[in-house]
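[1] generate coordinates for the sequence data below:
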Amino acid sequence: MNTQVATDQVLVKNFVEGDSSSFATLLNKYKDRVFTYIVMIVKNEDLANDIFQDTFIKVMTSLRKKKYEERGSLISWIIRISHNLIIDHYRKEKRLPTVSNEDSEYDLFNDAVFSDKNIEEIIVKNQIESDIRKLLDTLPFEQKQVVLLRLFGDLSFKEISELTNVSINTALGRMRYALINLRKVIEEKNICLDV
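    Take a look at the predicted model:
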């Protein structure tokens, strides 16, 4: 059995049995991946924070009510909850998630790896981040969704297919076409994503 899955199972079991620190451990373990996924979809940090909080409240409630079934990885279940909350939000708003990039202040590359960079490296990093956001925005929603789930949610294609209610082949096809479309845009606009 995968060590990470076993560890998650122990943490879930301990939380259900009353150990609240186990939930804090799970939250700390997955918060960055979940928040990154949410903010990349909604492109609004305030909305992303709201959905993020709702996600972990729902995770906590579901775990307490023993609604979590260990059929896959815990992170894919949490991402699925956040994904459904995003869809619910936009259904309530009766509009598609079309918020401009300028509305998002989130630093995708906010990581300790970048903490010792000089100002030139920070400017280059910010430009690359901006280019990546613009590139992802050129994709149709279904392709963009698969890219975000795969690269930022770290989900398998099987998990993506289950989450988006499509076959694995459709998920793979969307990723393939997304990469083809991204390459075309990079070539057409002569974009360089190297540091």
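[2] residue 134: which element?
    helix 119-137 (DSSP states H and E).
[3] got the buried residues for the helix or strand just after that helix?
    Once the chain leaves helix 119-137, the next helix or strand it forms, by DSSP H and E, is helix 141-147. Using 16 or more other C-beta atoms under 10 Å as the test for burial, helix 141-147 gives 143, 144, 145, 146, 147. All C-beta atoms are positioned from the backbone trio N, CA, C, and that covers glycine.
[4] what residues of the helix or strand following helix 141-147 count as buried?
    Counting by DSSP H and E, the next helix or strand C-terminal to helix 141-147 is helix 157-164. By 16+ other C-beta under 10 Å, the buried positions in helix 157-164 come out as 157, 159, 160, 161, 162, 163, 164.
[5] show residues contacting helix 157-164.
    Defining contact as C-beta atoms under 8 Å, 6 or more residues apart in numbering, one finds that helix 157-164 is touched by 72-73, 76, 79-80, 83, 142, 145-146, 149-150, 155, 167-168, 170-172, 175.
[6] for the helix or strand of the chain with the lowest mean pLDDT, name the packing helices and strands.
    Among the helices and strands of the chain, helix 119-137 carries the lowest confidence by mean pLDDT, DSSP states H and E, at a mean of 73. If you count contacts as 3 or more C-beta pairs under 8 Å, 6 or more residues apart in numbering; DSSP states H and E, helix 119-137 packs onto helix 141-147, helix 168-189.
[7] pLDDT on stretch 43-63, on average?
    Mean per-residue pLDDT for stretch 43-63: 91.
[8] for residue 183, see how far away the residue nearest in space to the middle of the chain is.
    Closest to where the C-alpha atoms of the chain average out (C-alpha atoms, centre = their mean) is residue 37, at 1.8 Å. Distance, residue 37 to residue 183, by C-beta to C-beta, to the nearest Å: 23 Å.
[9] how long is stretch 130-148 end to end?
    15 Å (C-alpha to C-alpha, to the nearest Å).
[10] okay, residue 138 and residue 31: tell me how far apart.
    Residue 138 is 29 Å from residue 31, by C-beta to C-beta.
[11] remind me which helix or strand residue 18 belongs to.
    Assigning secondary structure by DSSP H and E places residue 18 outside every helix and strand.
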